[in-house]
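Novice: Predicted coordinates and the sequence they were generated for:
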Amino acid sequence: MEVMEAAFDPAYGEAWNRRQVIDALTMPSTHALIVDSDGGIIEPAGSVQAAGFVLTRHAADEEELLLIAVHPDRRRRGVGARLMENFFLAAGSRGVRRIFLEMRRDNPAEHLYRQQGFDPIGKRPNYYRMSDGSRVDAITFGRSI
Ligand SMILES: CC(C)(COP(=O)(O)OP(=O)(O)OC[C@H]1O[C@@H](n2cnc3c(N)ncnc32)[C@H](O)[C@@H]1OP(=O)(O)O)[C@@H](O)C(=O)NCCC(=O)NCCS
């Protein structure tokens, strides 16, 4: 939650609160990976400080990346890339063949997604509502593993 609260710009209303995270994680299809500042996987609520996390939802041979975040103090050092690589390995071990995610248009995270092999495959016009009431398209990306 510390990373969640620091990582997302409130203007976009993208951060989840503790209740939403707990509810998601009670479902067996939802998975979380938490990493330290070297991008190595750590235990939730352990003694090592978290630098980033990914939350995903799995259905048959597909998995959706719901949220990915790296603490602002730890960015542009490869933590996001390592997190993504750890996620691909974990998803592969669950039998996943294809990964999807949805992103608000112009989120700089697109650079990470493209670097990690995701391609744009669809658009939902005006899908997200921002805190100021304005609307932004959602772009869907996909990648095979
Ligand atoms: C997106 C995010 C997870 C990236 O984490 P990160 O640890 O900084 O990513 P990395 O350092 O591994 O970056 C890997 C590559 O992605 C690209 N990249 C990442 N962030 C970028 C940015 N802000 N601008 C341009 N390129 C970027 C670069 O190509 C980078 O490689 P380089 O630094 O060697 O050039 C992080 O910026 C974040 O938490 N953003 C806020 C939360 C968010 O919007 N999440 C996505 C929606 S759920």
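Specialist: Structure's in. What do you need?
Novice: So which residues of the protein form helices?
Specialist: 2-7, 18-25, 79-93, 109-115 (DSSP state H).
Novice: Residue of this protein nearest the ligand, please.
Specialist: G80 (2.7 Å; C-beta to the nearest ligand atom). No exception for glycine: its C-beta is placed from N, CA and C like everyone else's.
Novice: which ones are touching the residue nearest the centre of the chain?
Specialist: Geometric centre of the chain, nearest residue: I68, 2.3 Å, by C-alpha atoms, centre = their mean. Listed by C-beta atoms under 8 Å, 6 or more residues apart in numbering, the contact set of I68 reads G52, F53, V54, L55, G80, L83, M84, A109, L112.
Novice: Could you check the pLDDT of it?
Specialist: Turning to I68, the model gives it a pLDDT of 98.
Novice: who's it bridged to?
Specialist: Beta-bridge pairing of I68 under DSSP bridges involves V54.
Novice: Roughly how far does it sit from P120?
Specialist: Distance of I68 to P120, computed by C-beta to C-beta, to the nearest Å: 17 Å.
Novice: ditto for A24
Specialist: 25 Å.
Novice: partners of R129 in the sheet?
Specialist: R135.
Novice: Test my guess that it contacts R135.
Specialist: Yes. Assessed by C-beta atoms under 8 Å, R129 is found in contact with R135 at 5.9 Å.
Novice: show me the contacts for P125.
Specialist: So P125 contacts D137 (C-beta under 8 Å, 6+ apart).
Novice: cutoff 10 Å now
Specialist: By C-beta atoms under 10 Å, 6 or more residues apart in numbering, the residues touching P125 are R105, R135, V136, D137, A138.
Novice: Buried only: go through the residues you listed for me.
Specialist: V136, A138 (16 or more other C-beta atoms under 10 Å).
Novice: Among the contacts of P125, which one sits closest to Q20?
Specialist: For the contacts of P125, the residue nearest Q20 by C-beta to C-beta is A138; the value is 18.6 Å.
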